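*Asks:* Need the 3D shape of this:
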Amino acid sequence: MYIYNLVGDDVEILISNSSGVPIYEQITRQIKGLIARGELREGEALPSMRLLAKELRISVITTKRAYEELEREGYIETVMGKGSFVTPRNLELAREDTLRRVEEKLGEALEIARQGGVAFEELVEILTILHGDE
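*Replies:* Have a look, this model is predicted:
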């Protein structure tokens, strides 16, 4: 597992080679989360692709793919010769994107639970524990 402090000591990107999730996707998910939580703000510069690759000990191609996906989805913009920056986001659209992803994952979890005979009440209990609202 490699950690890179993106902005100061409090904002980190963590990658794991054993998670089963492609590294570029780990990076994009984490940066999207940082933006959604306001830990990365509009106009803030991201590290260069080369620096991030070096610090995470991964290929520049991997960081390039992550940045391209973030740009395609409107989270960042790249200015030639200056770097990549967090774009102004419509908070409502960002929230909708988050809700869509949560619904997708919960749908997958629900299907697994149905196949395994897990009761709805047990699912609610699990979700409550995971969310920290015990």
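*Asks:* Contacts for stretch 31-46 next, please.
*Replies:* Outside stretch 31-46, the residues that touch it by C-beta atoms under 8 Å, 6 or more residues apart in numbering are 6-7, 10-11, 13, 52, 66-67, 70, 73, 75-76, 83-89, 94-95, 97-98. In this view, the C-beta of every residue, glycine as well, is placed from N, C-alpha and C.
*Asks:* ugh, wrong one, I meant stretch 87-100
*Replies:* Lys32, Ile35, Ala36, Glu42, Gly43, Glu73, Gly74, Tyr75, Ile76, Glu77.
*Asks:* swap the cut-off to 10 Å and go again
*Replies:* 32-33, 35-36, 38, 41-43, 70-71, 73-77 (C-beta atoms under 10 Å, 6 or more residues apart in numbering).
*Asks:* circling back to that earlier point, buried only: go through the contacts of stretch 31-46 for me.
*Replies:* 6, 11, 13, 52, 66-67, 70, 75-76, 83-87, 89, 97 (16 or more other C-beta atoms under 10 Å).
*Asks:* Out of those residues, which one has the lowest pLDDT?
*Replies:* Among the buried ones among the contacts of stretch 31-46, Leu6 carries the weakest pLDDT, at 58.
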